[in-house]
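following is a predicted model, sequence given first.
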Amino acid sequence: MDTPADSLASDPAALLRWYVDAGVDEAVGEHTVDRFNLSKTTAPSPIVAPRVAAASPIGAPAPTTPAPMAPVQDGGATHIAQAARSVPELRAAVESYTGCGLKQFASRTVFADGNPAARVMFVGEAPGADEDRQGLPFVGVSGKLLDRMLGSIGLDRATNAYITNVVFWRPPGNRAPTDEEIAACLPFVVRHIELVDPAVLVFVGGLAAKTLLAKPLGITKLRGHWYDYETPGLARPVPSTPLFHPAYLLRSPQQKRLAWRDLLAIKQKLDSSAPL
Ligand code: URA
């Protein structure tokens, strides 16, 4: 059977556009990939849920009953991540980790940007093409909007904000990361939060919120509430809240009103929480 690619073969420019539309925007990677041997290089593992208390509406104190923790079976990632005693040690551990299948398709590891001593930590979804090229999170079009959103409440990644993602490598063609890929990175993300120990934690987008809150709900249900994010490695629960992803706001600008409300709530929480 002919594919659209076959029928476009006589028009190379149209064929290229068809591939880009389908998400195939890089023909050759920097490293050779043995696609017949992928299963030997990836170590999928189940998602490890943090303890997260039930939601409270913005403005109300967060409840404190922790949710049950899922069993830890992750092929050693938790052990490696927990051995890191500082953010630079964790970065080195992530850079040498081979348990996430995404790594073999990516050009660079995208670990974090900003000030690790900041009182607020933002956790987004996955690096895109710009992030993969620069090795930094949120540097493309949606990153520019995120910077403006942060700026609107006096935050700036150069001084008082810290940004990372739930996966450290770009999924090919900008597809969503799979549960296995997220689970492979999660022990490092959890340790990252423990080491940064922010006063306020913000999940940028539905995927980050769902993953870190371990709740099977969409962002529209999750946003507008505060949650206590707890892990054994945190001295106390960290108030956390979701924020619409800037890529979603670019597609749905009518939601900026709610995003602005959430940004103000984040600022208020930062202003009212005691400096650590
Ligand atoms: N979107 C994300 O969620 N993270 C990035 O780093 C870039 C875009």
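Yep, that arrived.

quick one: residues contacting H245.
The contact partners of H245, by CB atoms under 8 Å, 6 or more residues apart in numbering, come to 124-125, 142, 204-206, 219. (Each C-beta comes from the backbone N, C-alpha and C, glycine too.)

need these in a markdown table (columns: pLDDT, secondary structure and neighbour count).
Rendered in a markdown table, the data for the contacts of H245 read as follows (pLDDT from 0 to 100; DSSP: H, G, I helix; E, B strand; the rest coil; neighbours: other CB atoms under 10 Å):
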| residue | pLDDT | secondary structure | neighbour count |
| --- | --- | --- | --- |
| G124 | 98 | strand | 27 |
| E125 | 98 | coil | 25 |
| S142 | 98 | helix | 23 |
| V204 | 98 | strand | 28 |
| G205 | 98 | coil | 23 |
| G206 | 98 | helix | 20 |
| I219 | 98 | helix | 21 |
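
can you narrow those to ones near the ligand?
Restricting the contacts of H245 to those adjacent to the ligand (criterion: CB under 6 Å from any ligand atom) gives 124-125, 142, 205.

list of residues touching the helix or strand where L264 lies?
When secondary structure is defined using DSSP states H and E, the element that contains L264 is helix 256-272. Around helix 256-272, the neighbours that count as contacts under CB under 8 Å, 6+ apart are 58-59, 119-120, 149, 152-154, 199-200, 202, 223-224, 226, 239, 241-244, 249.

ok now that helix, how far from the chain's centre?
Distance, stretch centre to chain centre, for helix 256-272: 20 Å (CA atoms, centre = their mean, to the nearest Å).

just the CA atoms of it, as CSV, please.
As requested, C-alpha coordinates have been extracted for helix 256-272 and formatted as CSV (Å, rounded to 0.1, in the frame of the first residue of the first chain):
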residue,chain,number,x,y,z
LYS,A,256,-4.3,33.2,30.6
ARG,A,257,-6.8,34.8,33.1
LEU,A,258,-6.7,31.6,35.2
ALA,A,259,-2.9,31.3,34.8
TRP,A,260,-2.6,34.9,36.1
ARG,A,261,-4.7,34.0,39.1
ASP,A,262,-2.4,31.0,39.8
LEU,A,263,0.7,33.1,39.4
LEU,A,264,-0.6,35.6,42.0
ALA,A,265,-1.4,32.7,44.3
ILE,A,266,2.2,31.5,43.9
LYS,A,267,3.6,34.9,44.7
GLN,A,268,1.3,35.2,47.7
LYS,A,269,2.5,31.8,49.0
LEU,A,270,6.1,32.8,48.5
ASP,A,271,5.6,36.1,50.3
SER,A,272,3.8,34.5,53.2
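
what comes up buried for that helix?
When neighbours are counted by 16 or more other CB atoms under 10 Å, the buried residues of helix 256-272 are found to be 256, 259, 262-263, 265-267, 269-270.

what is the burial count for D197?
D197 is flanked by 17 other residues according to other CB atoms under 10 Å.

which pLDDT does the model give it?
In the predicted model, D197 carries a pLDDT score of 98.

average pLDDT across stretch 247-262?
Here stretch 247-262 scores 98 as its mean pLDDT.

correct me if wrong, but T211 is in a strand.
No: under DSSP: H, G, I helix; E, B strand; the rest coil, T211 sits outside any strand and is assigned helix.

tell me the contacts of it?
47, 166, 182, 186, 189.

and for S273?
Listed by CB under 8 Å, 6+ apart, the contact partners of S273 are 119, 199-200, 239.

export the residues you listed as JSON lines, with columns for distance to the ligand, neighbour count and secondary structure.
Output for these, formatted as JSON lines (distance: CB to the nearest ligand atom, whole Å; neighbours: other CB atoms under 10 Å; DSSP: H, G, I helix; E, B strand; the rest coil):
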{"residue": "R119", "distance to the ligand": "21", "neighbour count": "19", "secondary structure": "coil"}
{"residue": "A199", "distance to the ligand": "22", "neighbour count": "17", "secondary structure": "coil"}
{"residue": "V200", "distance to the ligand": "18", "neighbour count": "21", "secondary structure": "strand"}
{"residue": "P239", "distance to the ligand": "21", "neighbour count": "23", "secondary structure": "strand"}
